[in-house]
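Visitor: okay, sequence plus prediction incoming.
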Amino acid sequence: MDSIKVVVAGPRGRMGREAVILAEETSHFELAGVLDRKNGGEKLNEIAEGFSSSAPIYTDLKECLFETKADVLIDLTTPETGMLHAKTALEMGVRPVVGTTGFTEDNLKELQELSEAKGLGVIIAPNFAVGAVLMMKFSQMAAKYFPDIEIIEQHHDQKLDAPSGTGVKTAEMISAVREEKKQGHPNEKETLAGARGASYNGIRIHSVRLPGLVAHQEVLFGGEGQTLKIRHDSYDRKSFMSGVKLSCEQVMKLDTLVYGLENIIE
Ligand SMILES: NC(=O)C1=CN([C@@H]2O[C@H](COP(=O)(O)OP(=O)(O)OC[C@H]3O[C@@H](n4cnc5c(N)ncnc54)[C@H](OP(=O)(O)O)[C@@H]3O)[C@@H](O)[C@H]2O)C=CC1
Ligand SMILES: O=C(O)C1=N[C@H](C(=O)O)C[C@H](O)C1
């Protein structure tokens, strides 16, 4: 397999740090550089312990992609920054692999159009953990038999977006096979705003944020005299890295946008 030149945006973050280690440790990946908000001009192993790579740190994405001649940009930042990064990368002939969550439908449409105009692949995966993808697929299967569904996603309390990208993706996948439905009593009324959570086509999504958690989701299905629970837990961010690796490999073969890891692991 040809070597893939990778740039990581957000290398000091919880996910970015793991992606850097993945790029350092994967024999057919070359960590060509990282994009940080600070420390421009320094080397990665000079500013943070635990990195072996002396990859250059950039604060300007265009300069970074131009000088490194990167093949793939892995973005693990924030939605606004991630969107800007993905567009810039495509404009410069670099394929984005985006784990950043919080993208809108309009963002996805815009990137899809740009990706097709440029003939370059993009992968946007709200969750890179294979177990989480299976949870979403199993939930989609179960929705045929149990159309009353509540999603409870639980994350660490430093998470910026709610609901999680995984929660939204799960509701989208279920909505693709389930009619829109108002759940609960037709006359139910919240006496405390937010008590019933967010609603996506009638599917309720509840977001829990607590220190000690990493990334967890339970999809609850209710039927006559029975319930079904489908649950996934990420206890360590290493759980996401096989999906990041696969995405970097697959994006090199794509000429359009793929939204969701389920579309490349099948
Ligand atoms: N798809 C998946 O499987 C997963 C996705 N995620 C998503 O990944 C994203 C990052 O999560 P996480 O690592 O926990 O978050 P962190 O806050 O730990 O990391 C985000 C990093 O992005 C950096 N950043 C922000 N803005 C910029 C910018 N303009 N230029 C360069 N770097 C920037 C921050 O830098 P600074 O330190 O200076 O603020 C920070 O280091 C989130 O959207 C999260 O939902 C998380 C886990 C799994
Ligand atoms: O911020 C996180 O931590 C995570 N974000 C992603 C999401 O929003 O679904 C993926 C995973 O749940 C961890």
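Guide: Noted; the coordinates are in hand. Ligands and ions are numbered 1, 2, ... in the order given.
Visitor: which stretches in this structure count as helices?
Guide: 14-25, 44-47, 61-68, 79-91, 105-118, 130-143, 165-175, 241-251, 262-265 (DSSP state H).
Visitor: list the contacts of the first one.
Guide: For helix 14-25, contacts defined as CB atoms under 8 Å, 6 or more residues apart in numbering pick out 6, 8-11, 29-31, 34, 44, 48, 50-53, 55, 74, 76-77, 99, 158, 237-238, 240-241, 244-245. Just so you know, the C-beta spots here come from the backbone N, C-alpha and C atoms, and that holds for glycine as well.
Visitor: what pairs with the nearest residue to Ala9 once chain neighbours are set aside across the strands?
Guide: In space, Ala9 comes closest to Leu35 once its chain neighbours are excluded; the distance is 4.2 Å by CB to CB, 6 or more residues apart in numbering. With DSSP bridges as the criterion, Leu35 is bridged to Ala9, Tyr58.
Visitor: got a list of what the closest residue to Ile230 other than its chain neighbours touches?
Guide: Once flanking residues are discounted, Ile230 sits nearest to Val219: 4.7 Å by CB to CB, 6+ apart. By CB under 8 Å, 6+ apart, the contact list for Val219 reads 135, 139, 142, 149-152, 170, 229-231.
Visitor: show me the shaky parts of the stretch 51-200 of the chain.
Guide: For the stretch 51-200 of the chain, not a single residue meets the criterion pLDDT under 70.
Visitor: swap the cut-off to 90 and go again
Guide: 51-54 (pLDDT under 90).
Visitor: show me what from it comes close to ligand 1.
Guide: 76-78, 81, 99-102, 125-128, 161, 165 (CB under 6 Å from any ligand atom).
Visitor: narrow those to those in strands?
Guide: Counting by DSSP state E, no part of those is found in strands.
Visitor: now for those: which two are most distant?
Guide: Greatest spacing in those, by CB to CB: Thr81 and Asn127 (19.4 Å).
Visitor: those two: which has the busier surroundings?
Guide: Asn127 (28 against 17; other CB atoms under 10 Å).
Visitor: ok and the residue in the stretch 151-266 of the chain nearest ligand 1?
Guide: Going by CB to the nearest ligand atom, ligand 1 is nearest to Phe240 of the stretch 151-266 of the chain, at 4.2 Å.
Visitor: contacts only, for that residue.
Guide: Contacts of Phe240 (CB under 8 Å, 6+ apart): 15, 18, 99, 127-129, 234.
Visitor: and ligand 2, which of those reach it?
Guide: Among the contacts of Phe240, proximity to ligand 2 is found for Asn127 (CB under 6 Å from any ligand atom).
Visitor: which of the contacts of Phe240 ranks first by neighbour count?
Guide: Comparing those on neighbour count, Asn127 comes out first with 28 neighbours (neighbours: other CB under 10 Å).
Visitor: was I right about that residue contacting Val133?
Guide: Yes - using CB atoms under 8 Å, Asn127 is in contact with Val133, at 6.6 Å.
Visitor: can you list residues touching both of these two?
Guide: Shared contacts of Asn127 and Val133, defined by CB under 8 Å, 6+ apart, are found at 243, 261.
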